[in-house]
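>>> Below are the sequence and a predicted model; questions follow.
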Amino acid sequence: MKKKEGIEYLEKNQDEESSRYIFFLHGYGANAQDLSGFHTLKLSRPCRWIFPNGPLELDTPYNLFGGRAWFPLKIKAANNQLHTNEQSLYYLKKHCQQLLHFISSFKLYRSGIEKRESFRDSVPRGEEKKRPENQALVEAGINQMGIKSDQIILGGFSQGAIMALNTALRMNPPPLALVLMSGAFFPAEILDKNKQMYSKGGRFFQCHGKTDPLLSYSESKEVHSFLQDLQWKGKFLSFEGGHEIPHVVLLQIQEFINHTLS
């Protein structure tokens, strides 16, 4: 396990000098190992796969298996549904910012020159307070340093999909592609009615089980409509099943990534 910007991660390289990165974020109670099998997908171009650990360590029983989270959740006993609170919102915002630092810290190869500068070091003193949180970091870090978000495919499962969505919406320009597996909105209050603050025109793949008992299928469809309103282009794959990643999803994601890379 490696570590950058305070985040532990696994790296599975198909080509160590590839300028294409794929970041996949695990769900609540899992860890970086959970989605690492995705690196065996047969891609048309080699990529560097990065699987971060959520920054929060969890209590029993999750800690018995190295369980991590991106933000805290509680389960309503009445219906077994996950729900969020003010603490969840605080950690989502905090770790979206940390994730943006993390993503931008990776080495990219361009014309034989290796870019090593830190995302944080690229932000002029005082400038981070003049623009909205996260957006200032993205503009100063990615655009000025030459690290382009369109070299990044960002995705996740469950809570990891929520993190990927909230991070991608704050990247300008958007990532090369966004992959959302069994995700949802965070609480509605973070979705500002003024959609001008979000990135537009990205590509995405989204899937959700029709009988998911944890994150509702209907809310996932709302995410799909929300992205379409922002001129994002993509597809929604429904499958017969619950909170899971069936084989048909793996095949569709492989096809989507290959089409994106072509």
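Sure thing, it's come through.
>>> so residue 177 makes contact with residue 257?
Yes: Residue 177 is in contact with residue 257 according to C-beta atoms under 8 Å; the separation is 7.1 Å. The C-beta positions use only the backbone N, C-alpha and C, and glycine is treated the same way.
>>> so what sits against both of these two?
residue 153 (C-beta atoms under 8 Å, 6 or more residues apart in numbering).
>>> Pull out the buried residues from whichever strand or helix holds residue 99.
Assigned by DSSP states H and E, residue 99 belongs to helix 86-104. Residues 88, 91-93, 95-104 are the ones in helix 86-104 that count as buried (16 or more other C-beta atoms under 10 Å).
>>> Summarise which helices and strands it is packed against.
strand 7-13, strand 21-25, helix 135-138, helix 159-168 (3 or more C-beta pairs under 8 Å, 6 or more residues apart in numbering; DSSP states H and E).
>>> Could I get these in CSV, plus columns for mean neighbour count?
Listed next are the helices and strands packed on helix 86-104 as CSV, based on neighbours: other C-beta atoms under 10 Å:
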stretch, mean neighbour count
strand 7-13, 17
strand 21-25, 25
helix 135-138, 20
helix 159-168, 26
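>>> Run through the chain and note the low-pLDDT ranges.
In the predicted model of the chain, residues 14-17, 60-64, 74-86, 107-147, 186-195 satisfy pLDDT under 70.
>>> List the contacts of the spatially most central residue of it.
The chain has residue 164 as the residue nearest its centroid, 2.2 Å off, counting by C-alpha atoms, centre = their mean. Residue 164 sits next to 23, 25, 154-156, 178-180, 183 when contact means C-beta under 8 Å, 6+ apart.
>>> try it again with 7 Å
The contact partners of residue 164, by C-beta atoms under 7 Å, 6 or more residues apart in numbering, come to 25, 154-156, 178, 180.
>>> The closest residue to it other than its chain neighbours sits in which helix or strand?
Nearest non-adjacent residue to residue 164, counting by C-beta to C-beta, 6 or more residues apart in numbering: residue 156, 4.0 Å away. Using DSSP H and E, residue 156 sits within strand 152-157.
>>> For that strand, which helices and strands make contact with it?
strand 21-25, helix 159-168, strand 177-181 (3 or more C-beta pairs under 7 Å, 6 or more residues apart in numbering; DSSP states H and E).
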